[in-house]
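Chemist: I would like to see how this sequence folds:
(one chain, ligands or ions: 1)
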Amino acid sequence: MPSSHRPYRIIISGGGTGGHIYPAVAIANQIKAISPESEILFVGAKGRMEMTRVPEAGYKIVGLWISGLQRRLTIDNLSFPLKVLSSLRASHKIIKDFKPDAVVGVGGYASGPLLYAATAKGIPSLIQEQNSYAGITNKLLAKKVGKVCVAYENMEKFFPAEKIVLTGNPVRQDILDITEKRREALLHFGLTSEKKTILVIGGSLGARTINHSIADGLEQLAAAGYQLIWQTGKGFYTEAKELEANYTDQGIRVFDFIKRMDLAYAAADIVVSRAGALSISELCLAAKPCILVPSPNVAEDHQTKNAMALVQQHAAILVRDVEASQKLITATLQLAQDEQEQKRLSENIKKMARPNAAADIVDELVKLIK
Ligand SMILES: CC(=O)N[C@H]1[C@@H](OP(=O)(O)OP(=O)(O)OC[C@H]2O[C@@H](n3ccc(=O)[nH]c3=O)[C@H](O)[C@@H]2O)O[C@H](CO)[C@@H](O)[C@@H]1O
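Modeler: Below you'll find the predicted structure:
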């Protein structure tokens, strides 16, 4: 069937961590799905993760010279006003050259100047907030943009009510259907179907407390007969690799970053994870029983709020970061042994999935253009 959409020119801006980048990629893929001739340009922050992950996903990206304002007084802060001015000027030029029909902001440093410049020119714009607690960039931009697509209820405290649309977080297509991928997944990670698999993910940057707790409990997990896919982030990778060397026959697999998250979810019987908003949205779609260890190092403790939205529905188990060193391994072993609890959690978390988020967001975007 021919597409009823003309080709659109869209800029998507933001990044910093996977939690901002992958929803942006999912939105881009959806625009291409409804209108394959569309042109999409990403705008990120120089030196940040999006500058490599976005081209890997097949899209062009340009980088702005911008960073966040640190809460402490640092040398970096002194250059902050200069960075804002420089990135605003660069954003105006990018918009003038690319001539977008609309712009999308996904949060993170780069979306500030780009959306500010776009809205000043009256270009239709939409932001997507992944968390149950709004980031500062999005809060400031909300006054200027046309629509704010959110993933949690009660976001009126942060954004003008008439602009809010509850869509959920857009998740990469390959994670939407993992049920058929288990065999391929076990093969991919060199694991066996005879053992249960625990997936440990620290979020796109890795999580120190989770890493230390798993390192301390590795012997226990292996002795109990579980295999492990363990994503450490860069910081703990070398140490974890050394530990892994003692357990290769028992199926302990260490990665700093996993590119095939679809296969990681497909292989997993249970998951231990930070409570980043995208990880949570993906876990809902994958319908995996999980233990969430919210990062305490994020604005307004928003990961705990993300996690509680599930815990209150008995859709996930919470282990607080301060308690992880004592409780995480015990909780993991308990859940791994309790198939009824796994089933209950899996059924409940599945109810919270929003598989149409990307399509709903792009619908809103198209309405703004029209
Ligand atoms: C420390 C920090 O600031 N964390 C924030 C960041 O988290 P972070 O970037 O960790 O984000 P999320 O947990 O939301 O998402 C991680 C994303 O990276 C992907 N992934 C992860 C690990 C890996 O090895 N491979 C891989 O592809 C996941 O599949 C997911 O798509 O953005 C989220 C969304 O705004 C916030 O909720 C988090 O609080």
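Chemist: what residues does this structure put near the ligand?
Modeler: Along the chain, the residues adjacent to the ligand under the rule Cβ under 6 Å from any ligand atom are 17-20, 22, 107, 130-131, 201, 203-205, 231, 257-258, 261, 274, 276-279, 282, 295, 298, 302-303, 306. No exception for glycine: its C-beta is placed from N, CA and C like everyone else's.
Chemist: Give me the subset of these lying in strands.
Modeler: Among these, the ones falling in strands (DSSP state E) are I201, Q231.
Chemist: contacting residues around V103?
Modeler: By Cβ atoms under 8 Å, 6 or more residues apart in numbering, the residues touching V103 are I10, I11, I12, S13, I95, L114, L115, A118, I123, P124, S125, L126.
Chemist: give me that answer again for 10 Å
Modeler: Contact analysis of V103 by Cβ atoms under 10 Å, 6 or more residues apart in numbering lists 9-13, 41, 43, 91, 94-95, 111, 114-115, 117-119, 121, 123-127, 145, 365, 368.
Chemist: What remains of these if I keep only buried residues?
Modeler: 10-13, 41, 43, 91, 94-95, 111, 114-115, 117-119, 123-127, 145, 365, 368 (16 or more other Cβ atoms under 10 Å).
Chemist: Dump the strand or helix carrying L187 to CSV, restricted to CA.
Modeler: Using DSSP states H and E, L187 sits within helix 182-188. Provided in CSV are the C-alpha atoms of helix 182-188 (Å, rounded to 0.1, in the frame of the first residue of the first chain):
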residue,chain,number,x,y,z
ARG,A,182,15.8,-17.7,22.7
ARG,A,183,17.7,-20.4,20.9
GLU,A,184,19.6,-17.8,18.8
ALA,A,185,20.2,-15.8,22.0
LEU,A,186,21.8,-18.7,23.9
LEU,A,187,24.0,-19.5,20.9
HIS,A,188,25.0,-15.9,20.6
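Chemist: Name the residue of the stretch 151-300 of the chain that lies nearest to the ligand.
Modeler: Taking Cβ to the nearest ligand atom, the ligand has its nearest neighbour within the stretch 151-300 of the chain at G276, 2.0 Å off.
Chemist: which ones are touching that residue?
Modeler: Shown in contact with G276 (Cβ under 10 Å, 6+ apart): 17-20, 130-131, 201-205, 207, 282, 292, 294-295, 298, 302-303, 306-307.
Chemist: all strands for the chain, in order.
Modeler: With strands called from DSSP E, the chain shows them at 9-13, 39-45, 60-64, 102-105, 125-129, 147-150, 164-166, 197-201, 227-231, 252-255, 270-273, 290-292, 317-318.
Chemist: Now do the second one: distance to the chain's middle.
Modeler: Put plainly, it is strand 39-45. Computed by Cα atoms, centre = their mean, to the nearest Å, the separation of strand 39-45 from the middle of its chain amounts to 18 Å.
Chemist: the helices in the stretch 101-250 of the chain, which residues?
Modeler: Using DSSP state H, counting those that start in this stretch, the helices of the stretch 101-250 of the chain run over residues 111-120, 136-142, 173-176, 182-188, 208-223, 237-244.
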